[in-house]
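# attaching a predicted model along with its sequence, questions to come.
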Amino acid sequence: MSAAAHDRSQRTALRGRPSAPPQPAAPPQPAAPSALPRRRPGRGRDLRTAVLFLGPALAAIVLLRLIPFAGAAYSTLFERVGVGLLAEQRFAWFANYERLLSDPLFLGTLWRTIAFNLVINPVQIALAMAVSVLLVQHLPGRGLWRVFVFVPCTVPLVGSSVAWGVALRQDGPVNGVLAALGLAPQPFFTSPQQALFSIAVVASWIGIGYWMLFLIGGLNEVSQELYEAASLDGAGRWRSFWSVTVPMMKRPLLFVLVADTVANFVLFVPMQLLTNGGPNESTTMLMFDAYRRTYTYSQPNLGATAILILTLIMLAIVAVQFRLLKEED
Amino acid sequence: MSARTVRAVGALAVGALLLSGCGGSGQDGAAQGSTGDDWTIPSSDPEASITVVGHLDPVEEQLNDVVAAFEAEHPSIDVTYQQVPFDDLNSVLDSRITAKTGDPDVFWVDQPRVSALATRGYLENLTSQFGDLTDGLQASTVENSSYDGELWSLPIADSTQILYYNKTLLAQAGLTPPSTDPDQRITWQQLKEDAAAAKAAGATYGLLLGQPDRYYQLEPLPVSAGGGVGAEGEDNLTPAVDDEGWVEAMTYYGSLYADGVSPRGITSEQTDATFLQGGTAYMVQGNWLVPQLADSDVDWGAALNPVWEGGEPATPNGSWSVGMNPFSKNKEAAAVFMKWLAIDGESGYATNRSFSELPANTAGLQSYLTSEAFTSSEAGQQAADVVEYESTNTGVGRVATVGYVEFEDIMGRAFSDIANGSDPAESLESAQSQLETAWQQYR
Amino acid sequence: MAVQQTTRSTGALPESRRRSPGRWVGTALLTVLAAAIGVAFLLPAVWMLLGSLRPGSEVIGSVSPLSWRTLVPDTWTLDNYVALFADLGFGRSLVNSLLVALVSVLLGLALSVPAAYALTVLRFPGREGVFALLVVGFMVPFEAIAIPMAQLFTQWQLDNTYLGLILPGIGNGLAIFNLRQFFRGVPASLREAAIVDGAGDFRIMTRIYVPLSVTALINSALLIFLGQWSAYLWPLLLVSDQEKQVAAIAIARTFSDTEFNFGQMFGGALLISVVPAILLLLLQRHFATSVASSGEKG
């Protein structure tokens, strides 16, 4: 429930109208549109308005995303016989899927992608949340710090990747700092164990500022009264965070979680520029594999198959996220 | 039906119409493409407009000058040059050529990909029109531009490699500089020892390879060690990267990094700048470094490429050609342009780019070697000698196979893994099996 | 205790009321932390900035060994920027990018706000199904459909046009999703009251929901803006005319197949990043005020 409504009910209470005396707020419930005394007329009107309001956006998305994607999905049922322009498309049911899923390299890529995303998404969101909470406090210069944290996601990915590639070189500045601190220099992108982690660092550096904006927006919506009520109940700062902030942040958190999941699943440019999928395939993720098949090897049918598998996985994970962060409606 | 269903059906119908429209024009386009026998190089210029796609910058790399010079000599042909970033050239060409509209008419072709492009139908066969006109071009470049006995593109450039060294750092370590005398070519093994000594005496890096994990750069190692170019059999579609020569060569390569002679993690984009900064003792890099060296503070020298101990000398070669779109509607005009670019005189391409690249045109080659960068110092003169000798005698083309794109990509990753510490024999075996899988579709 | 309070929320944590010395120390520590984090995020960009102010060849040479020289240039020069604007036509491509991005934001918001409103507030059969379609829509990686779409657009004569660049950016499912999440938090009672007063949905949307959602609007606008601003594959395939090309592609010209000018590339990358960064700096003061002002109104 937004601050506006809560505020109004509080003020009504505080001005001493003949209603219940002010009480500590119960666990907040979102305003339930269906809890109305009478049936609203105008279901038909709603439909007509919806067509008008939704129509253009839906048309744009259907025509410019969904239908082309359906075309790509359909093409996964065809095998290419021959190469290039002289190739024919032959209907082959699920041959492409069979081919990919029986390739041990592809399966390795699949598990690696899923495992990577299961780890990196919560970590990135948690970090973004921490930064957001910090930068929403009344601190001098917080607007400036916010922009600083945001700048990485405005730099073109090419520029960031090149800069980080140099920074994490064996003899680069980061190892230089580590050496100054007395630590051993790390192989970063040249080691199968550290390469993926290094890419995760780059991706997080870019993404955290982006998600921070949405989380700050959400944090600003959480009403002060709720905190006061919680502290009246005896909850400390940490406890209030978990019992007030996080539940109230479900809506923006769902958005950030889903958007971050998608962003990480379709990420491939840093891998392309920094490690080309190596060392030892450790940074070959599904999207990079699909991109390579489509654009480097010119095998669009197999590439589309890989992308379809990727999209199905994403859908499954996002569906779970919607479930988890479902609001009582 | 609910409103949503109506909407969905309507959208699908519109979409289906659009997609069918797309397929329809494809059929029309196919009728345009001819097999290469229907046209000839015209004796007088037609009036036409052609589009040309390449990766060179129109301003910085003077392609605007090239186009202007051509249009001055052939006023009835209007040329529009479009630049596409080098890394994206393939995807853009894929998209535009397969649209079958004939755009672009002429495009830059990476020589080792000629086989792959020809088989895919992206190139017009030029044998009947240009087959007899290639005498003025370097034989190796013509070979690189051909496939299966047919000429598919016209070479405009070539490349070779030079062993550069930093005289100051060598003197500091008391090392004899490598030689430009073909009888005294330094060996890879000796080079590694010398580089290690230079590093011990104070150089930051011992040996740098220009493109450290690319097949273009590393091909000479296994070839010189007796291992072959990497594929064999019919149409070069049987991978052969795990034989003894390859394993030995790659063990040597991996040891360069493991023993600290070469630094890990310096990418192809950074190697030139690193050598130019002055802390590197030796570098094997292309002829394009010479002008940059001439402008720098490095006290440099040039020598012949290393050879495998007991093996035959081998150097990388090959660069860019120009190809014609088989669906082009202006083939005659395109042919006039391509001929002017590659064959006429000292090559219109090289002449109007101030001979900044090694031309495929043999007359142009001489002008290239007498340009400022090569004549302004003793080192430049050494470099000119090396370029002339290697490009004529020891160049080995990259493997000509339909599956070249996959080969280059898979081997690139194998090289990178080996440089980063993987066991060479294992990496090569893995590459071998990946190539088997990738090339199945071509057999 | 009829204490008049503002509802302006603060730091996601209960605010201590007493102004104790401990509180000042706490604020000081947090400020240092915030500044440190900000600087840490900015540092690579600072390195790029300084790299763009030195001759292109020196950027890599100064990386190792680590010293002041790595960060601070020996030779300061504006040559890279001169080259970007004079030889590489960067000014023109920045204008192109700006035009495409801004128009996409205007059109995109015009499409997204009503769509989010409809998905949250209106009741109609299949509403959740439509929302699901939207979600699938933004999951589709653009690379999967880029080439066929580029060919289609070329057929429709939309290649080398601003319209062709703008169109794929206006149907942004994420922007709609973001607004929908925010709108779900607006109490339905506001709408009920307005309906009773005789207002139509358009009025309600523009007079009630939009003013309440300044932050969400800014965020969705930034989503659309950044999506178009950083687009690479689409302009690459669609635009071949240098005059219409966008900035993201223009910086690729600083790297050829044999020469790599890091100074120019960093300079171009920073010029590209400056625009959204300034936009955020200007817009972000609207973040906190939205809820506070709405709370004040009775």
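Perfect, thanks for sending it.

# B:Pro42: what's it in contact with?
The contact partners of B:Pro42, taken as Cβ atoms under 8 Å, 6 or more residues apart in numbering or on different chains, are B:332, B:335-336. Heads up, the C-betas are built off the backbone N, CA and C, glycines and all.

# now with 6 Å, please.
The neighbours of B:Pro42, taking Cβ atoms under 6 Å, 6 or more residues apart in numbering or on different chains as the test, are B:Glu332.

# state the pLDDT value of it.
Listed pLDDT for B:Pro42 reads 92.

# shouldn't it be within a helix?
No - judged by DSSP: H, G, I helix; E, B strand; the rest coil, B:Pro42 forms no part of a helix; its state is coil.

# for C:Asp241, see how far away the residue most central in space within chain C is.
By Cα atoms, centre = their mean, chain C has its centre lying nearest to C:Leu222, at 3.0 Å. Distance, C:Leu222 to C:Asp241, by Cβ to Cβ, to the nearest Å: 29 Å.

# send the alpha carbons of the helix or strand hosting B:Val53 over as PDB?
Secondary structure assigned from DSSP states H and E places B:Val53 in strand B:48-54. Output of strand B:48-54 as PDB, limited to C-alpha atoms (Å, rounded to 0.1, in the frame of the first residue of the first chain):
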ATOM      1  CA  ALA B  48      25.800   2.600 -63.400                       C
ATOM      2  CA  SER B  49      25.800   3.000 -59.600                       C
ATOM      3  CA  ILE B  50      27.500   0.400 -57.400                       C
ATOM      4  CA  THR B  51      27.800   0.000 -53.700                       C
ATOM      5  CA  VAL B  52      30.900  -1.300 -52.100                       C
ATOM      6  CA  VAL B  53      31.200  -2.600 -48.600                       C
ATOM      7  CA  GLY B  54      34.600  -2.800 -46.800                       C
END
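
# residues in contact with it?
Defining contact as Cβ under 6 Å, 6+ apart, one finds that strand B:48-54 is touched by B:77-82, B:84, B:103-108, B:330, B:333-334.

# for residue 62, the count of nearby residues, please.
You didn't pick a chain, so chain A it is. 23 (other Cβ atoms under 10 Å in any protein chain shown).

# switch to chain C, that's the one I care about
The tally of other residues near C:Ser62 (other Cβ under 10 Å) stands at 22.

# excluding chain neighbours, what is closest to it?
C:Arg69 (4.9 Å; Cβ to Cβ, 6 or more residues apart in numbering or on different chains).

# burial of that neighbour, as a residue count?
Neighbour tally, C:Arg69, other Cβ under 10 Å: 14.

# one more: the one 4 residues further on?
The local packing of C:Pro73 (other Cβ under 10 Å) involves 18 other residues.

# low-confidence ranges, the chain, go.
Because you didn't say which chain, this covers chain A. A:1-43, A:328-329 (pLDDT under 70).

# you answered for a different chain; I wanted chain C.
In chain C (pLDDT under 70), the answer is C:1-20, C:288-298.

# domain ranges for it?
Taking automatic domain parsing as the reference, chain C has its domains at C:2-77, C:83-297.

# winner for burial among those domains?
domain C:83-297 (a mean of 21; mean count of other Cβ atoms under 10 Å in any protein chain shown).

# hang on, the earlier thing: any idea how far the residue nearest to C:Ser62 lies from chain A?
11 Å (Cβ to the nearest Cβ, to the nearest Å).

# quickly find the element holding that residue.
Here C:Arg69 is assigned to helix C:68-71, by DSSP H and E.

# need the next SSE after that helix, C-terminal direction.
Following helix C:68-71 in sequence, per DSSP H and E, is helix C:79-86.

# could you see whether chain A lies near the helix or strand following that next one?
The helix or strand immediately downstream of helix C:79-86 is helix C:90-121, counting by DSSP H and E. Yes - applying Cβ under 6 Å from any Cβ of the partner chain, one finds helix C:90-121 in contact with chain A at C:111, C:114-115, C:117-118.

# ok, back up a step: counting neighbours, which bits of the helix or strand just after the strand holding B:Val53 end up buried?
The first helix or strand that comes after strand B:48-54 along the chain, using DSSP H and E, is helix B:63-73. Buried residues in helix B:63-73, counted by 16 or more other Cβ atoms under 10 Å in any protein chain shown: B:63, B:66-67, B:69-70.
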